[in-house]
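Asks: here's a sequence, model it:
(2 chains)
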Amino acid sequence: MSRAKLPGLLGALTSLRRWPTVALFAIAVVIPFYADEFWLRTGFAVFAAVIGAVGLNLLSGTTGQLSLGHAFFLAVGAISYSFLSGEGSGGISGLGLPPLLAMIIAVAVSGLAGLLFSPVAARVRGLYLAIASLGLVVAGQHILNTATPLTGGFNGRSVPDFSLPGFSFSDSDPDLTVLGVPFGQAERLWYLGLLLAALSIIFANNLLRGRSGVALEAVRDNPLAAAVNGVDVAAYRARAFLLSSMYAGLSGVLYALSVGSVAPESFTIEVSVQYLVMIVLGGLGSMGGAAAGAAFVTALPLVLQQYSDSLPFLSAPGSGGVSYADAARFAYGAAVVLIVLVEPTGAAGLARRARKHLRGPASSSDTNDRERKKSTSRTSTQNSAPMVAAAVIAASPDTIPEK
Amino acid sequence: MNAPGGPIPGGGSTATDETLRSRADGSAASPPRRDRNQQSEEQAPQRLRIEGVSVTFGALKALSDVSISVEPGHIHAIIGPNGAGKSTLFNVLSGLYSTSAGKVWLGNTELTSRRPHQITELGIGRAFQNIALPSHATVARSLMLGRHHLTRAGFLRTGLRLPSTIREQERHRARVREIAEFLGLGDLFDVEVSGLSYGDRKRVEVGRALATEPRVLLLDEPVAGMNATESSRMAGQLRAIRESLGVTILLVEHDMAMVMAIADRVTVLDFGTVIASGTPAEIQRDPDVIRAYLGSADGISKAPSDAPPTSWRDKL
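Replies: This next block holds a predicted model:
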């Protein structure tokens, strides 16, 4: 276990010095030079989801507080951004603020919404928070459908492009060509998403390694022991909820930018469930795992849609066969069941196993023994994985609206 | 200090204790006492007073009118049959249960109205009977939880890993390493807790409570489930904690030989009331105590026992 001595972001980067992370990041940096627009847009949607999943993982994976209200905070972020940066027209109002400012305020507003709900989040434990937060999504749907000037009502509202002063995240203004590759909206958004997702993961990982992470995990593992060792359990539950809602808010802003419009159907309970699926598949408590889970769950339906013509068994939506959306749901439904049965620590656990195998069977029986103990020791997250899965299954609506 | 109540099971007590003491004093350097808080001046030793405490659960009186005074620097043992209210008393002291009557004071500060983490800040550390450690964390990380109230970095500073945060972390990690070495856990500092033996995990539990820099250390059955070697080692370490750190120790323990060997005072609880209090020698002669343990069987086999009732007869 290497401890970084460098301060700040630099230290954080060196703390992630393990080569797979660096390699992955390097690949992500060069992808816009090779991939076509579909993959870049898919990637941006994935980055948006990664931020949301990391936020939910801090709450549910690290602190042990299950939330089904994540879609609500995604909506708060997305709607706040659209309202703050949009121009009003046709019964829909907007403030026309600079998009960067709108993004920052949108995250703050999501945090405020989380703060308002945090007295509840502080007092209920685990599965009970899932039930309490379910109410947020129900209320959120009602607001989204009825507060037309703010949300655009049933039909939703469009989302203004993102821009920094002097730099627009669109196809022009300024026209940009890097190494012979024209940088349009998709390329620019890719880098925006990559940057924000990377910063989100780094922040979360730093949090986990430090004092806050020790306290949050103690709250999850044994609240009484946490309290007796000086942790204000209620305050930490509230803070975890607040932070998680801010992550969700940022994720919501990026989601809105990725889709280009926001409507109530984008923030249903199914979305909350999808986020839980992401962190279960990725491995509760592991931020890298959450990112992997987010990539799988977000990209799968998009990819299946793109290639539905060339894939067998898939038929067009509404034609009676298995549509790409159905297929994606089957796939990640099966993945959840498999993960809970085979490797409850998710993709992160699989990665740990793979690393162990890569190190080879040369290791002595002593280290094998230690590894075995390590793998049996993940009980706290192991135990919550089936619980999350149960919540996922219980909360899944029978009929899911087609996008 | 000799064990008046007979030999500690399975071990020449004095010899082991001597080696332990030399170990605690010599090889593992005793950590110097630190100021609990930089801002507060070192305070005079404070007496822990439990005054007329009653706790009821519905119709059940778990504690009735319990008064105990724990002198600073003492090792004070609370003994009694299963279900006597010992754990309830500890839960009152650490703020997990509220009382229906009575108060607890540390010096001039009332504890009963405070929440658990505030009580920790005031200087009450507690180690649990059932090991309550995160299984996947290292010894170092487990002990760092005890530093929580002594450190300040919030979410933002931790997430940004500011230089001041890292310095704070390093400083407290060094102190925690001292504590680990003091308890003979130095070699295991970066090992996951789940890989440790039962006795080592028990010591990590005690170490975490010590890491809060307590004035009073509450230990709930520190040697329960330990083998003879482990428990006499623990006995030596408890003495060392008291002597070199000046920490008052209040312990609940079923192991009579250990209690009689290390306690300065013993309080006996039975059915939620104090039936005797005094030095170990006085307690062993007390007719009420003998009656509680040997007399009527109904006082013994009430709760599902983690230590069989017969052990009481054997050990007294």
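Asks: what comes into contact with stretch A:187-205?
Replies: Stretch A:187-205 is contacted by residues A:9, A:12-13, A:15-16, A:25, A:28-29, A:31-32, A:40-41, A:43-44, A:46-48, A:50-51, A:54-55, A:57-58, A:162, A:169-170, A:176, A:181, A:247, A:250, A:254, A:257-258, A:287-288, A:291, B:159-160 when judged by CB atoms under 8 Å, 6 or more residues apart in numbering or on different chains. C-beta here means a position set from N, CA and C on the backbone, and glycine is covered the same way.
Asks: now intersect those residues with the helices, please.
Replies: A:9, A:12-13, A:15, A:25, A:28-29, A:40-41, A:43-44, A:46-48, A:50-51, A:54-55, A:247, A:250, A:254, A:257-258, A:287-288, A:291, B:159-160 (DSSP state H).
Asks: type out the ChimeraX command that picks the buried ones from the contacts of stretch A:187-205.
Replies: Buried residues within those, by 16 or more other CB atoms under 10 Å in any protein chain shown, are selected in ChimeraX with:
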select /A:12,13,15,16,28,31,32,40,41,43,44,46,47,48,50,51,54,55,57,58,162,169,247,250,254,257,258,287,288,291 /B:159,160
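Asks: got the contact list for residue 158?
Replies: Just so you know, I chose chain A. Counted by CB under 8 Å, 6+ apart, A:S158 has contacts A:82, A:86, A:152, A:260-261.
Asks: chain B, not that one
Replies: A:206-207, A:210-213, B:165.
Asks: go with 6 Å
Replies: A:207, A:210-212, B:165 (CB atoms under 6 Å, 6 or more residues apart in numbering or on different chains).
Asks: would you map the strands across the stretch 1-150 of chain A?
Replies: A:87-89, A:92-95 (DSSP state E, counting those that start in this stretch).
Asks: got the contact list for the last one?
Replies: Under the contact criterion CB under 6 Å, 6+ apart, strand A:92-95 has outside partners A:83-84, A:86-88, A:149, A:152, A:157.
Asks: from chain A, how far out is the spatially most central residue of chain B?
Replies: Nearest to the geometric centre of chain B sits B:L219, at 1.7 Å (CA atoms, centre = their mean). For B:L219, the distance to chain A equals 12 Å [CB to the nearest CB, to the nearest Å].
Asks: on that earlier part again, could I get the contacts of A:S158 as a markdown table with neighbour count?
Replies: Below are the contacts of A:S158 laid out as a markdown table (neighbours: other CB atoms under 10 Å in any protein chain shown):
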| residue | neighbour count |
| --- | --- |
| A:S82 | 27 |
| A:G86 | 21 |
| A:G152 | 25 |
| A:G260 | 10 |
| A:S261 | 14 |
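Asks: for the stretch 151-300 of chain B, which residues are neighbours of chain A?
Replies: By CB under 6 Å from any CB of the partner chain, the residues of the stretch 151-300 of chain B that approach chain A are B:151, B:153, B:155, B:158-159, B:161, B:163, B:192, B:194-195, B:212.
Asks: and which of these is nearest B:G95?
Replies: The shortest gap between B:G95 and any of these belongs to B:T212, at 13.5 Å (CB to CB).
Asks: so what's B:D190 up against?
Replies: B:138, B:140.
Asks: backbone phi and psi for it, please?
Replies: Per-residue torsions, B:D190: phi -100, psi 20 (degrees, to the nearest 10).
Asks: now the helices for chain B?
Replies: Using DSSP H, helices in chain B cover B:13-22, B:86-93, B:116-122, B:139-144, B:155-160, B:163-182, B:198-211, B:228-245, B:256-262, B:280-285, B:287-290, B:310-315.
Asks: in helices, which of the contacts of A:S158 fall?
Replies: A:S82.
Asks: from the contacts of A:S158, which is closest to B:R114?
Replies: A:S82 (46.7 Å).
Asks: tell me the confidence at residue 154?
Replies: This is for chain A. With respect to pLDDT, A:F154 scores 81.
Asks: please refer instead to chain B.
Replies: 84.
Asks: kindly report the same for A:Y34.
Replies: 84.
Asks: am I right that the residue nearest to the centre of chain B is in contact with B:L250?
Replies: No: when contacts are counted by CB atoms under 6 Å, B:L219 is not listed as touching B:L250 (7.3 Å).
Asks: burial count for A:V138?
Replies: The number of residues packed near A:V138 is 12, by other CB atoms under 10 Å in any protein chain shown.
Asks: returning to that earlier point: quick one: which of the contacts of A:S158 is nearest to chain B?
Replies: A:S82 (27.3 Å; CB to the nearest CB).
Asks: what about the closest residue to that closest one other than its chain neighbours, neighbour count?
Replies: Spatial nearest neighbour of A:S82, chain neighbours left out: A:V159 (4.9 Å); criterion: CB to CB, 6 or more residues apart in numbering or on different chains. Neighbours of A:V159 under the rule other CB under 10 Å: 22.
Asks: again, but for A:L302
Replies: Around A:L302 there are 18 residues (other CB under 10 Å).
Asks: also A:L311?
Replies: Neighbour tally, A:L311, other CB under 10 Å: 13.
Asks: which of the three states applies to it?
Replies: coil (DSSP: H, G, I helix; E, B strand; the rest coil).
Asks: so the residue lying closest to it once chain neighbours are set aside is in which element?
Replies: Excluding its sequence neighbours, the residue lying closest to A:L311 (CB to CB, 6+ apart) is A:L304, at 6.8 Å. Per DSSP states H and E, A:L304 falls inside helix A:287-306.
Asks: other SSEs contacting that helix?
Replies: Contacting helix A:287-306 under the criterion 3 or more CB pairs under 6 Å, 6 or more residues apart in numbering or on different chains; DSSP states H and E are the following elements: helix A:37-56, helix A:185-209, helix A:269-282, helix A:324-342, helix A:346-358.
Asks: residues touching that helix, excluding its own?
Replies: A:38, A:42, A:45-46, A:49-50, A:53-54, A:57, A:201, A:204-205, A:274, A:277-279, A:281-283, A:324-325, A:327-328, A:331-332, A:346-348.
Asks: which of the strands of the stretch 1-150 of chain A is buried the deepest?
Replies: strand A:92-95 (a mean of 17; mean count of other CB atoms under 10 Å in any protein chain shown).
Asks: what are the pairing partners of that one, and which direction each?
Replies: Sheet partners assigned to strand A:92-95 using DSSP bridges are listed as strand A:87-89 (antiparallel).
Asks: contact partners of the strand it pairs with?
Replies: Counting by CB under 6 Å, 6+ apart, A:94, A:96 sit against strand A:87-89.
Asks: for stretch A:65-73, same thing?
Replies: A:56, A:59-60, A:110, A:126-127, A:129-130, A:133-134, A:136-137, A:140, A:237, A:245, A:248-249, A:267, A:271-272, A:275, A:391, A:395.
Asks: what's the first-to-last distance across that stretch?
Replies: End-to-end distance for stretch A:65-73, by CA to CA, to the nearest Å: 16 Å.
Asks: give me every residue in the stretch 201-350 of chain A lying close to chain B.
Replies: A:203, A:206-207, A:210-212, A:214-215, A:217-218, A:221-222, A:225, A:227-232.
Asks: mind showing which ranges of chain B have poor pLDDT?
Replies: Applying pLDDT under 70 to chain B flags the ranges B:1-44, B:135, B:294-316.
Asks: what would the contacts of B:T158 look like in JSON lines with neighbour count?
Replies: Converted to JSON lines, the contacts of B:T158 look like this (neighbours: other CB under 10 Å):
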{"residue": "A:L207", "neighbour count": "24"}
{"residue": "A:G210", "neighbour count": "24"}
{"residue": "A:R211", "neighbour count": "24"}
{"residue": "A:S212", "neighbour count": "26"}
{"residue": "B:T165", "neighbour count": "24"}
